[in-house]
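> Build me a model from this:
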Amino acid sequence: MGVDLQQLKKGGLLKQVQKEFFSLRLHIVGGQLTFNQLQMIAQVSKDFGNGEIHLTARQGVEIPFIKLQDFETIKNKLAQVGLEPGACGPRVRTVTACQGCKICPNGLIETKEFSKKIDEKFFGRDLKCKFKISISGCLNNCLKAEENDLGIKGCMEPEWLQANCIFCGLCEAICPVDAIKINYENRDVIFNPQKCIKCGRCVTSCSSDAWKGREGYLLLFGGRNGNVITRGKQVVPVIYKEEKVLSVIEHTLKFIADYGNNEERFADILQRVGNSQLQKYLKEVLESE
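Next up, the predicted model:
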């Protein structure tokens, strides 16, 4: 009886060069693993593989040299510690994320729980193409938002509070785009919002609370890596609520269903129909909510 490789791939089993062997991709959300999960992965690799584990470029784990007849047993063992196979092919892939503001001093938004929310809502959904989502907690962009079909970066909208300012000059010195100039003679700060990239450094570095900030989500659409590299672009304004980001993702997937062809990557759809069409589409559906 033949083996449906596409169906196996959908369930996280990837055919190897070596006949009769597969690599098992695991569903690891945001790169987060517990001690018990790591132990189980190691045990499965030892008992059913060749003792090796591969860490993928998207925070995933693959166990090579798995035999198909052991797959159900392995799934049951992984389920004991809350693990399951990943997904491949034309569907929403596992969400990747950095440590976010709960751990990283540079983080502007929470990423661990948010990546779980996104993953629970969209992971494994069948599409006309693969669809990758990443979350970077700040503009340092450790998760390379522009290289994903939909990349999310944490950002911050700054506001200067004159009454608190001691005019130390730190905000001017730390701004990476020269959006802040201090007039020491008039004891004033000249802030250029057009230059500001919303990195939040002025807010997080100010010791006198002269800058306050509003955390937000900067979304980039249509990025991809591989043979043809495309950088994702911002087509909607900064969003300030998680629920609105989830809505944008939902409508982006509907956009692909409406405008895409089978196996046509999101970047190619946008190149064919235009970023402006996506912008119009999202504006209409979001304003109607």
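> Now do residue 229 against residue 239, distance only.
As for residue 229, its distance to residue 239 is 26 Å (criterion: CB to CB, to the nearest Å). (C-beta placed from N, C-alpha, C; glycine too.)
> all helices for the protein, in order.
5-10, 35-48, 71-79, 112-122, 170-174, 201-205, 242-259, 266-273, 275-287 (DSSP state H).
> In a markdown table, list the ones you listed along with mean neighbour count and distance to residue 20.
Below are these laid out as a markdown table (neighbours: other CB atoms under 10 Å; distance: least, CB to CB, whole Å):
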| stretch | mean neighbour count | distance to residue 20 |
| --- | --- | --- |
| helix 5-10 | 14 | 13 |
| helix 35-48 | 15 | 13 |
| helix 71-79 | 15 | 12 |
| helix 112-122 | 18 | 32 |
| helix 170-174 | 17 | 58 |
| helix 201-205 | 20 | 54 |
| helix 242-259 | 17 | 36 |
| helix 266-273 | 19 | 35 |
| helix 275-287 | 14 | 44 |
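> Residue 138 is nearest to which of the ones you listed?
helix 201-205 (9.2 Å; CB to CB).
> Any idea what the spatially most central residue of the chain is bridged to?
Within the chain, the residue whose C-alpha comes closest to the C-alpha centroid is residue 134; the distance, by CA atoms, centre = their mean, is 1.0 Å. Going by DSSP bridges, residue 134 is paired in beta bridges with residue 96, residue 151.
> This protein - how does it break down into domains?
The chain breaks down into these domains under automatic domain parsing: 5-79, 96-154+216-287, 156-214.
> quick one: average pLDDT of the last one?
Taken as a whole, domain 156-214 has an average pLDDT of 96.
> and the gap between residue 24 and residue 32?
Taken as CB to CB, the span from residue 24 to residue 32 is 19 Å.
> what's the answer for residue 227, then?
For residue 227 relative to residue 32 (CB to CB), the value is 30 Å.
> quick one, which of those two is more surrounded?
residue 32 (14 against 5; other CB atoms under 10 Å).
> what's the closest non-adjacent residue to residue 50?
residue 65 (4.2 Å; CB to CB, 6 or more residues apart in numbering).
> wait, what's in contact with that neighbour?
16, 18, 21, 23, 49, 50, 52 (CB atoms under 8 Å, 6 or more residues apart in numbering).
> which ones among those residues are found in strands?
residue 23 (DSSP state E).
> from the contacts of residue 65, which would you call buried?
With burial judged by 16 or more other CB atoms under 10 Å, the buried subset of those is 21, 23, 49.
> In TSV, list these along with distance to residue 40 and pLDDT.
Output for those, formatted as TSV (distance: CB to CB, whole Å; pLDDT from 0 to 100):
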residue	distance to residue 40	pLDDT
21	20	96
23	17	96
49	13	97
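> any idea which of those is closest to residue 155?
Of the buried ones among the contacts of residue 65, the one sitting nearest to residue 155 (CB to CB) turns out to be residue 23, at 36.7 Å.
> so that closest one touches residue 63, yeah?
Yes - proximity of residue 23 to residue 63 meets the contact threshold set by CB atoms under 8 Å, at 6.8 Å.
> Which neighbours do those two have in common?
Shared contacts of residue 23 and residue 63, defined by CB under 8 Å, 6+ apart, comprise residue 54.
> which one is residue 216 nearest to, not counting chain neighbours?
residue 238 (4.2 Å).
> what's the pLDDT at the one you found?
For residue 238, the predicted pLDDT is 94.
> The residue sitting furthest away from the middle of the chain: what's it in contact with?
Distance from the centre of the chain peaks at residue 185, with 44.9 Å (CA atoms, centre = their mean). For residue 185, the contact set (CB under 8 Å, 6+ apart) is empty.
> For residue 21, give me its contacts.
Counting by CB under 8 Å, 6+ apart, the residues that residue 21 touches are 64, 65, 66, 67.
> The third one: how many residues sit nearby?
Counted by other CB under 10 Å, the residues lying close to residue 66 total 23.
> again, but for the first one
Applying other CB under 10 Å, we find 18 residues neighbouring residue 64.
> Find the nearest non-adjacent residue to residue 169, please.
Spatial nearest neighbour of residue 169, excluding adjacent residues (CB to CB, 6+ apart): residue 182 at 5.7 Å.
> Touching, the one you found and residue 173? I think so.
No - using CB under 8 Å, residue 182 is not in contact with residue 173, being 9.4 Å away.
> Spit out the contact partners of the residue nearest to residue 169.
167, 169, 171, 172, 188, 189, 190.
> Bridged to it, which residues?
Those that pair with residue 182 in a beta bridge, by DSSP bridges, are residue 189.
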